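Asker: Okay, sequence plus prediction incoming.
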Amino acid sequence: MDQNTVKEKKSFFDRMLDSIEKAGNKLPDPIVLFFVLSGIVLIASFIAGIFNLSAVHPGTGETIVAKNLLDGEGIVYFLTNMITNFSGFPPLGMVLVMMIGVGLAEQSGFFSSLLKRAVVSTPKKIIIPSIILIAIIANAAGDAGPIVLPPLAAVVLMSFGYHPLVGLVVAYASTLGAFAANLIIGMSDTLAAGFTEIGAQTLNPDYSANPAMNYYFMAVSAIILLFVSLWVTHKFTIPRFGTYTGEIQAMEEMSSLEKRGLKWAGLAALFFVIAILAMIVPENGVLRNPDTGSIIQDSPFMTGIVPILTLLFFVPGLFYGFGAKTIQSSRDFGDMLGKSMSTMGPYIVLVFAAAQMLAFFSTSNLGPIIAIKGADFLNEVGFTGIPLFLGFIIFSALLNLLIGSASAKWAILAPIFIPMFMLLDYHPAFTQALYRVGDSITNPITPMLPYLVLLLSFAKKYDKNIGLGTLISALFPYSIFFGVFWLILVIIWYLLGIPVGPEGPIHL
């Protein structure tokens, strides 16, 4: 009886995971999903046009009327604006430019060696918190975090006497569960800001988003989640896996070329940072606002943050390649950039589909109408403030179990919730921060991310009988406690009225 009970308890996670996976698999690929949504928007605009659906803008008093995109004028719009809808899509240029720097740093081996060096050179007393911190920061390095760090952490912790699955779980959970938390600005910030800008321009055509607008909240979240992850690891993960009785793997030493590459990369990064500081620290610095002297408000520094971040990854990545001899010719350099950009193929097609859907949504006026009526409804029922924030975060977290792509979800949600929250007097930067919290919480346990299957393959090296259910049950406490403490932080942050970042106040 006891054995059957244990078996039944373990199978619960398998059944839960299977249900989530089956529901998620019934959804089309995100690219197809946006084409389907485009069709739905066209049909909705036709119906809304027939019934003359409208709403009064609370700020200007203007009556906004739904446009039928399936009439003659709508068809002409579709054919004449398809290319500009795509080429003028704000996230496209920002992400592709950012990928030049991130891609080179990844392809040259800089990210992998940097993670390896950081983990290997850490003393035992602080090895677990160091792995967690590295995992959180690794979010800015794209795929290097969830792909490179977990197996590396497993080997390191195993050499220190811990079960290797502890390393796999804590590194994976910290990288993805704290996806919206970091001490540096990365690709995900750039991507989110692009969709936020589009959503906000529904009501304010002059609105411009900057990738750093959630930075204050992100940085504080990173520190708090570090301690939460550390507590969960010692409270649940380490006792759960116990003592490892298998063969202990030796940690691979860094080669002399890797060490030299990191030294060159470090010096290059240092000189680059000094050069940037020389342009923003002096009162007449060229990257300050020429009229006010501000570093943040309408300054070249904030306007050019994406190229600056691109160079921050590109420069050390390039010099690492020279030092480690992974770049020995212009052909190597070109091949690395080509390979990094080739991975963006699916994203570019996704952007094409998303750009059309969002353009239809904007032109049909369905976005502002839904936002206005939604905001009026929320005001009438009194569902604003903290209950609204918590509801939105939980909704985003549950949606993440079915649609793994953060950009795909935000492309769908931003045009509705950004203007809706703006009409309730909440700044787009704050709404974006709420979404990113919800999107991060369930990252460790969603089967819709391809990294989970990869993590399982790593785990089978140490336990050939382990299944996804066992892995999910070990990751689950991180999602729960990350969610609890992050929700508490959101409430405190809101009550104190602290801006979530530069040009990111809570209220408009």
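Answerer: Sure thing, it's come through. Residues are numbered from 1 along each chain as shown.
Asker: List the contacts of the most centrally placed residue in the chain.
Answerer: Nearest to the geometric centre of the chain sits residue 188, at 4.1 Å (CA atoms, centre = their mean). Contacts for residue 188 (CB atoms under 8 Å, 6 or more residues apart in numbering) come out as 139, 140, 179, 180, 406, 436. Where you see a C-beta, it was placed from the backbone N, CA and C, and this is true even at glycine.
Asker: from the middle of its chain, how far away would whichever strand or helix holds it be?
Answerer: Using DSSP states H and E, residue 188 sits within helix 187-200. Distance of helix 187-200 from its chain centroid, counting by CA atoms, centre = their mean, to the nearest Å, is 10 Å.
Asker: And for stretch 372-388?
Answerer: 27 Å.
Asker: okay, and for the stretch 1-150 of the chain, where does confidence drop off?
Answerer: 1-30, 57-61, 90-91, 119-120, 141-144 (pLDDT under 70).
Asker: same thing but at 80, please
Answerer: Where the stretch 1-150 of the chain drops to pLDDT under 80, the residues are 1-31, 33-34, 55-62, 88-95, 98-99, 102, 111-112, 114-124, 139-149.
Asker: All the helices of the stretch 51-200 of the chain, in order from the start?
Answerer: All helices of the stretch 51-200 of the chain, identified by DSSP state H, counting those that start in this stretch, fall at 72-87, 90-107, 110-120, 127-137, 144-159, 164-177, 187-200.
Asker: Quick check: which of these is buried the most?
Answerer: Ranked by mean neighbour count, the helices of the stretch 51-200 of the chain are led by helix 164-177 with a mean of 29 (mean count of other CB atoms under 10 Å).
Asker: Next, count neighbours for residue 489.
Answerer: A count of nearby residues for residue 489, using other CB atoms under 10 Å, gives 17.
Asker: That one: what secondary structure?
Answerer: helix (DSSP: H, G, I helix; E, B strand; the rest coil).
Asker: give me every residue that touches it.
Answerer: Counted by CB under 8 Å, 6+ apart, residue 489 has contacts 220, 221, 224.
Asker: one more time with 7 Å
Answerer: 221, 224 (CB atoms under 7 Å, 6 or more residues apart in numbering).
Asker: Adding distance to residue 481, write the helices of the stretch 51-200 of the chain out as a markdown table.
Answerer: Shown next, in a markdown table, are the helices of the stretch 51-200 of the chain (distance: least, CB to CB, whole Å):
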| stretch | distance to residue 481 |
| --- | --- |
| helix 72-87 | 42 |
| helix 90-107 | 30 |
| helix 110-120 | 24 |
| helix 127-137 | 13 |
| helix 144-159 | 19 |
| helix 164-177 | 9 |
| helix 187-200 | 22 |
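Asker: Of all these, which one is nearest residue 482?
Answerer: helix 164-177 (4.8 Å; CB to CB).
Asker: And the contacts of that closest one?
Answerer: 128, 131-132, 135-136, 138-139, 145-146, 149-150, 153-158, 229, 233, 237-238, 241, 244, 440-441, 443-444, 451, 455, 458-459, 462-463, 474-475, 478-479, 482.
Asker: roughly how far is it from the heart of the chain?
Answerer: 17 Å.
Asker: and if you look at stretch 371-390?
Answerer: With CA atoms, centre = their mean as the basis, stretch 371-390 stands 26 Å off its chain's centre.
Asker: if we can go back for a sec, looking at the helices of the stretch 51-200 of the chain, which is nearest to residue 335?
Answerer: helix 90-107 (8.2 Å).
Asker: picking up where we left off before, for the helix holding residue 188, what is the average pLDDT?
Answerer: The pLDDT scores in helix 187-200 average 84.
Asker: Direction-wise, compare it with helix 90-107 and give the angle.
Answerer: 180 degrees (axes from the mean of the first three to the mean of the last three CA atoms, to 10 degrees).
Asker: Next secondary structure element downstream of helix 187-200?
Answerer: Helix 187-200 is succeeded, C-terminally, by helix 215-232 (DSSP H and E).
Asker: Kindly export the next helix-or-strand element following that following helix (C-alpha atoms) in CSV.
Answerer: Using DSSP H and E, the helix or strand that follows helix 215-232 in sequence is helix 238-241. The C-alpha coordinates for helix 238-241 follow below in CSV (Å, rounded to 0.1, in the frame of the first residue of the first chain):
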residue,chain,number,x,y,z
ILE,A,238,19.8,19.4,-1.2
PRO,A,239,17.8,17.2,1.2
ARG,A,240,15.6,15.9,-1.7
PHE,A,241,18.6,14.5,-3.6
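Asker: Point out where the stretch 401-508 of the chain drops to low pLDDT.
Answerer: For the stretch 401-508 of the chain, applying pLDDT under 80 flags the ranges 402-408, 412, 447-454, 457-458, 465-470.
Asker: if you set the cut-off to 70 instead, what comes out?
Answerer: Using pLDDT under 70, the flagged stretches of the stretch 401-508 of the chain are 404, 448, 450.
Asker: Show me where it has its helices.
Answerer: According to DSSP H, counting those that start in this stretch, the helices that the stretch 401-508 of the chain contains are 406-423, 428-441, 451-459, 468-496.
Asker: Residue 224 contacts residue 485, correct?
Answerer: Yes - assessed by CB atoms under 7 Å, residue 224 is found in contact with residue 485 at 6.1 Å.
Asker: got a list of contacts for stretch 227-243?
Answerer: Contacts of stretch 227-243 (CB under 7 Å, 6+ apart): 128-129, 132, 162-163, 165-166, 169-170, 173-174, 474, 477-478, 481-482, 485.
Asker: Give the rounded mean pLDDT of it.
Answerer: When pLDDT is averaged over stretch 227-243, the result is 89.
Asker: Just the endpoints, please. Distance across it?
Answerer: 24 Å (CA to CA, to the nearest Å).
Asker: Packing partners of whichever helix or strand residue 258 is part of?
Answerer: Assigned by DSSP H and E, residue 258 belongs to helix 256-280. Where contact means 3 or more CB pairs under 7 Å, 6 or more residues apart in numbering; DSSP states H and E, helix 256-280 is packed against helix 110-120, helix 305-324.
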